[in-house]
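> kindly generate the corresponding structure for this input.
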Amino acid sequence: MRAVVFDVGETLVDETRIWTRWADRLGVTRLTMLGLIGACAALDRPVTDAFAMVRPGLNLETEEAAWAVDDPDGLRSGFDADDLYPDVIPALTALRAAGLRLVVAGNQPPRALAALRAMDLPVDEIRNSAELGVEKPAPAFFAAAADLAGAPVREIAYVGDRTDNDVLPAADAGMLAVLVRRGPWGYLHATRPEAARAHVVDSLLELPGLLTAGS
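Predicted structure coming up:
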């Protein structure tokens, strides 16, 4: 392998605080919100369905705008360095020391891109779907990720927590697919037959050994 591309949510970023803040905002218990997120994962429904179940007819953009007025200096639906999983920095540092090019590329809004860049992560590129103009699982997203990685697809690993958005389309693109078993989708999707198309890991700290073996 010459390069590794990382998803963001539940791969690098623990989204627990995001969903609990949404629960508080929408006036439901945190267990309810987290349970509905898990239900969406289990039923292969988009996460926006959880919001619709909590508050039918909710317009997310309108609610986000109102939230920004109410709490202009808060994280609201965003994240910061405190939300990184503990293995992220050590794993990225080890992979970079091994000579791999590192790219962060996931389905994220513009605000998330600024948050990621503010973390000063030891990576070479940070982009997102908003900047690239295409979202996973579209093949064009993985083609753009390969361009950022600057290596042939067979020499690129894509690391994510979902089979539908990450593992399967990355494998279809010719990349080495790695599924990290954490977060609602990661634990669930690791049990599915299609996960056999990926290397399943429980920590990003497994990546240096996996991707540099025999180098």
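> quick one: low-confidence ranges for this structure?
Scanning the chain for pLDDT under 70 picks out 214-215.
> all helices of it, in order?
16-26, 30-42, 48-54, 60-70, 88-97, 110-118, 129-132, 139-149, 168-172, 183-189, 207-212 (DSSP state H).
> from residue 58, how far off is residue 200?
The gap separating residue 200 from residue 58 is 35 Å, by CB to CB, to the nearest Å. Where C-beta positions appear, they are placed from N, C-alpha and C, glycine not excepted.
> in terms of packing, which of those two has more residues around it?
residue 200 (17 against 13; other CB atoms under 10 Å).
> closest one to residue 158 among the helices of the chain?
helix 168-172 (3.6 Å; CB to CB).
> by contact count, what packs against the closest one?
helix 139-149, strand 176-180 (3 or more CB pairs under 8 Å, 6 or more residues apart in numbering; DSSP states H and E).
> which ones are touching the closest residue to residue 101 other than its chain neighbours?
Spatially, and ignoring its direct neighbours in sequence, residue 101 is nearest to residue 3 (4.1 Å; CB to CB, 6 or more residues apart in numbering). Taking CB atoms under 8 Å, 6 or more residues apart in numbering, we find residue 3 in contact with 100, 101, 102, 103, 149, 150, 151, 155, 156, 157.
> which positions within stretch 121-139 qualify as buried?
Across stretch 121-139, burial judged by 16 or more other CB atoms under 10 Å covers 121, 122, 123, 125, 126, 127, 128, 129, 132, 134, 136, 137.
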